[in-house]
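Visitor: prediction below, plus the sequence it came from.
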Amino acid sequence: MNSSWIGKSIVSIDQFTMDDIGDIMDLTENMRNIVVRRGTCDLLKGQILANLFYEPSTRTASSFMAAMQRLGGTVIPINEVQYSSVSKGETLVDTVRTLSLYSDCIALRHHNVGSAAIAAAACSKPIINAGDGIGEHPTQALLDFFTIVQKFGHNISGLTVTMLGDLLHGRTVHSLVKLLTMYGVKFNFVSPASLALPQHMCDELSGRRVKYSTHTSLDDVLRQSDVIYVTRVQKERFTDEAAYEAVKDSYCITPKTMSFAKHKMLLMHPFPRINEISPEIDDDPRAAYWSQIENGMYVRMALLAMVLGKV
Amino acid sequence: MNSSWIGKSIVSIDQFTMDDIGDIMDLTENMRNIVVRRGTCDLLKGQILANLFYEPSTRTASSFMAAMQRLGGTVIPINEVQYSSVSKGETLVDTVRTLSLYSDCIALRHHNVGSAAIAAAACSKPIINAGDGIGEHPTQALLDFFTIVQKFGHNISGLTVTMLGDLLHGRTVHSLVKLLTMYGVKFNFVSPASLALPQHMCDELSGRRVKYSTHTSLDDVLRQSDVIYVTRVQKERFTDEAAYEAVKDSYCITPKTMSFAKHKMLLMHPFPRINEISPEIDDDPRAAYWSQIENGMYVRMALLAMVLGKV
Amino acid sequence: MNSSWIGKSIVSIDQFTMDDIGDIMDLTENMRNIVVRRGTCDLLKGQILANLFYEPSTRTASSFMAAMQRLGGTVIPINEVQYSSVSKGETLVDTVRTLSLYSDCIALRHHNVGSAAIAAAACSKPIINAGDGIGEHPTQALLDFFTIVQKFGHNISGLTVTMLGDLLHGRTVHSLVKLLTMYGVKFNFVSPASLALPQHMCDELSGRRVKYSTHTSLDDVLRQSDVIYVTRVQKERFTDEAAYEAVKDSYCITPKTMSFAKHKMLLMHPFPRINEISPEIDDDPRAAYWSQIENGMYVRMALLAMVLGKV
């Protein structure tokens, strides 16, 4: 890893070249080895991460905390922004500048698109975007990518990746599609018509001559998929309950679904799941969601190490 | 301490033999010496405890955090489950499996009986039950037992233990009675008729030939008690306010009560107290509740050290 | 620093002599050097701070956490008192005594005047008052003082300090005025008539022959001020919206205000700000509020080191 990321913020997946991604994957693998062999190290001893979560997220917040602690650093958790200075009307910029005077790095989860970029511009310490509204979620895209590479190796050109569910609102899907586009995969987008991938993303894919097709049923593409990435179809996205009831079961993965899928395949989900994936599948070797969660800690360790300048 | 507890979950007081309890008491005493002499040690350096509290509890949560930190480990505090993934409908099993991928051990407080056992079955890292509904609270029973042993020595056979207050709903009482039953103590159960010890527990005590008697007034047994264990009689447990008003003062300990009690006696309470024990008694040498609180940290240090395999 | 502060509580600015203040300023400067040069140290390794915040405060709570972590200690954060034992009716004294059995020091923010003194009297570990209602906020006064001394040196006699805004309710103003009174400064108090400094404080200043004058407009004293200390004029303090609207703009600092101020001047604010200071001023070298925030961490490091006995 070269040193160009020291002190930089990580706001969007667009910041990374393929070389950067390759470096991050290597570093993530190193972090995995440290945790598996020793549990912890002293790389960031004496450094402090401010974990600033305007929206609650047990998984992402815990993952950042564990990542920093496994690198020997400490954490200031700020989860209850609704009860604090912010409820007195303080701006994001003032809160972030304040925390940058106490800590060495800030992980930021916020409900507004663009918040991470605003925060990064306002302060002198690195910001890591932990999800900004329906905008970006770069650490999720990187952990998803690492999980795919773990299974299929670094050359994933030609792989068929099927994205399933609500493709309109999911920041996870948007960040991952952007990332995978660099690697020559072929996409299937399967969603209810009202929750299809945004037109601007389709246009971008067409402009870049990426192969993709759109569907409303998984059955069309189930047998050919190397990766099936499931997201939740939320009832509240439908204006009409009948419309929701009509489609909801088509977007749930059951043991029967798995019986038609490839033997070498990854079933992925960013979690939390409600009923999109039956727990009966949890021990199927193709179920990759536990690996995604575990890899989230390693990716975040890699990014913290990169921007805090100790690699 | 033998190594049989490494990686095991601690769900119920029923898991322990008398030999196990003896080992835990010895280890707790060692932990007390470490804290008194040095404050801290490096036994669990690099290990992470996830402190997963679905119900708030300043005392128990803080005690687990302090215990892990005094062993050199770190903590991921998760206190606001109502605002997080869980409020998005995630199951306990998914939350616990997720945290087991980031941490080395999970302390779980949950409002449903049986939650700790469900969590322990679902994940590969040790779970320590920090209270599950009106079910079990094994760490409380162990700290209560340590406090009794500190005063009366390891041979407590023949001791008269009076349990006072709401004996129907208190998980603390249930766990402690189970534990003390192994040691040949004699019980007095003093409660309003509607809040008496559950019949199945009475049957079990009778079946095991444990000596016990039931009462509605402390006066009957005050002078003969070696331990008086007080729990709160909560107004909301009564359907009838008059019934509550009629009994409430009988279950409060005042300086006058203490004047009739034995000179060598332990007055215990799991806290928080509201008005069951007058603060005027706080400095009476028989008031053992501060020792209970302090010992809670030592017992939890001992259990963390046991299951994390560093004893 | 002599050792007289080991184990002592810090409740009020009145506890300090000028010698004490001088010592604290020197120690704060040392802490600043540690952070700037090395980020962290091991002075309080193995010690635990309980951060007990009944009222939320991102800034003060984060600052105490960062201070303890940069000294090598650890923190038990308790921010959600509304959901915990306290909501079951536990007294402040019981909560504080409990935490004193787990931790080595308690930072306490509470909504009632006098809480810190009550807590300090009840427990054997040092309490640091992190703000008690409209009472005292000694760590804020010390960080404000350090910021003034950084700019003007240790001899600040003769300096003109203007306090602006709501001077009736602000604990920050009250603590700082008390402190500065020892150093021979001259005060201007600028506020709406209904939010003037309390009469008992005016009487005390007169009794001590401190030079001060009162005003309703900043224009009267803007050009002569060496320090302008801004606090918020909150709408809810006015019974009459018209009265609020009439004055609110007079208590906001704009680039135009700054153009009339001295070249060597400090513009201070305890934060959070809403619209009292225009963000356009943030990069003016006279804007000292970012320094105040940063210095808050150094002052709290100094106080923790003092009372935990490792200086």
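Guide: The structure has been received and is ready for your questions. Being a predicted model, the structure only gives us computed values, none of them experimental. Residues are numbered from 1 along each chain as shown, chains lettered A, B, ... in the order given.
Visitor: and for the spatially closest residue to A:Ser124 that is not a sequence neighbour, the neighbour number?
Guide: Leaving aside its chain neighbours, A:Ser124 sits nearest to A:Ser100 (6.0 Å; criterion: Cβ to Cβ, 6 or more residues apart in numbering or on different chains). For glycine as for every other residue, the C-beta is placed from the backbone atoms N, C-alpha and C. Residues near A:Ser100, counting by other Cβ atoms under 10 Å in any protein chain shown, number 22.
Visitor: where does A:Ser100 land on pLDDT?
Guide: Looking at A:Ser100, its pLDDT is 97.
Visitor: quick one: the strands in chain A, in order.
Guide: Secondary structure of chain A by DSSP state E: the strands cover A:48-53, A:74-78, A:105-110, A:127-132, A:160-164, A:186-190, A:212-215, A:227-230, A:266-268.
Visitor: the first one pairs with which strands, parallel or anti?
Guide: Right, the one you point to is strand A:48-53. strand A:74-78 (parallel), strand A:105-110 (parallel) (DSSP bridges).
Visitor: mind checking how far A:Leu197 is from A:Asp203?
Guide: In this view, A:Leu197 and A:Asp203 are 10 Å apart by Cβ to Cβ, to the nearest Å.
Visitor: who has more neighbours, the two?
Guide: Remark: of A:Leu197 and A:Asp203, A:Leu197 carries more neighbours, 20 against 10, as counted by other Cβ under 10 Å.
Visitor: shaky segments in the stretch 1-150 of chain A?
Guide: Low-confidence segments of the stretch 1-150 of chain A (pLDDT under 70): A:1-3, A:80-88.
Visitor: pop the domain breakdown of chain A in here.
Guide: For chain A, the structural domains run A:3-136+A:295-307, A:138-293, going by automatic domain parsing.
Visitor: hang on, the earlier thing: could you dump the strands paired with strand A:48-53 to TSV with distance to C:Thr172 and mean neighbour count?
Guide: Formatted as TSV, those follow (distance: least, Cβ to Cβ, whole Å; neighbours: other Cβ atoms under 10 Å in any protein chain shown):
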stretch	distance to C:Thr172	mean neighbour count
strand A:74-78	22	25
strand A:105-110	26	26
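Visitor: mind putting those strands into JSON lines with distance to C:Ala116?
Guide: Output for the strands paired with strand A:48-53, formatted as JSON lines (distance: least, Cβ to Cβ, whole Å):
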{"stretch": "strand A:74-78", "distance to C:Ala116": "23"}
{"stretch": "strand A:105-110", "distance to C:Ala116": "30"}
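Visitor: so which of these gets nearest C:Ile78?
Guide: Of all those, the one in closest proximity to C:Ile78, counting by Cβ to Cβ, is strand A:74-78 (11.9 Å).
Visitor: put the alpha carbons of the closest one into PDB.
Guide: Provided in PDB are the C-alpha atoms of strand A:74-78 (Å, rounded to 0.1, in the frame of the first residue of the first chain):
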ATOM      1  CA  THR A  74      -9.900   3.400  21.300                       C
ATOM      2  CA  VAL A  75     -13.300   4.600  20.400                       C
ATOM      3  CA  ILE A  76     -15.600   7.500  21.400                       C
ATOM      4  CA  PRO A  77     -19.100   6.100  20.700                       C
ATOM      5  CA  ILE A  78     -21.800   8.800  19.800                       C
END
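Visitor: quick one: contacts for the residue in chain A positioned nearest to chain C?
Guide: Residue nearest to chain C within chain A: A:Gly46 (3.3 Å; Cβ to the nearest Cβ). With contact taken as Cβ atoms under 8 Å, 6 or more residues apart in numbering or on different chains, A:Gly46 is in contact with A:72-73, C:38-40, C:70.
Visitor: pick out whichever of those residues sits closest to chain B.
Guide: Closest to chain B, out of all of the contacts of A:Gly46 and judged by Cβ to the nearest Cβ, is A:Gly72, at 8.3 Å.
Visitor: how about that closest one, phi and psi?
Guide: Dihedral angles of A:Gly72 (phi, psi; degrees, to the nearest 10) stand at phi 90, psi 0.
Visitor: doesn't A:Asp42 make contact with it?
Guide: Yes: A:Gly72 lies in contact with A:Asp42 (Cβ atoms under 8 Å); the separation is 4.1 Å.
Visitor: give me the nearest residue to A:Ser175, chain neighbours excluded.
Guide: Closest to A:Ser175 by Cβ to Cβ, 6+ apart is A:Ala141, at 3.7 Å.
Visitor: can you name the residues that contact the one you found?
Guide: Taking Cβ under 8 Å, 6+ apart, we find A:Ala141 in contact with A:13, A:172, A:175-176, A:178-179.
Visitor: mind running it again at 7 Å?
Guide: Counting by Cβ atoms under 7 Å, 6 or more residues apart in numbering or on different chains, A:Ala141 makes contact with A:13, A:175-176, A:179.
Visitor: how about those residues, which pair is most distant?
Guide: Pairwise distances across these peak at 8.2 Å for A:Ile13 and A:Leu176 (criterion: Cβ to Cβ).
Visitor: looking at these two, which one has more neighbours?
Guide: A:Leu176 (27 against 24).
Visitor: picking that back up, give me whichever of the domains of chain A is most buried.
Guide: Ranked by mean neighbour count, the domains of chain A are led by domain A:3-136+A:295-307 with a mean of 21 (mean count of other Cβ atoms under 10 Å in any protein chain shown).
Visitor: what residues does the stretch 101-250 of chain A have near chain C?
Guide: Within the stretch 101-250 of chain A, the positions near chain C by Cβ under 7 Å from any Cβ of the partner chain are A:101-103.
Visitor: out of the residues you listed, who's nearest C:Ser191?
Guide: Closest to C:Ser191, out of all of those and judged by Cβ to Cβ, is A:Leu101, at 29.0 Å.
Visitor: redo the strands of chain A as a markdown table? Include distance to B:Glu245.
Guide: Output for these, formatted as a markdown table (distance: least, Cβ to Cβ, whole Å):
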| stretch | distance to B:Glu245 |
| --- | --- |
| strand A:48-53 | 46 |
| strand A:74-78 | 44 |
| strand A:105-110 | 50 |
| strand A:127-132 | 53 |
| strand A:160-164 | 61 |
| strand A:186-190 | 65 |
| strand A:212-215 | 69 |
| strand A:227-230 | 58 |
| strand A:266-268 | 60 |
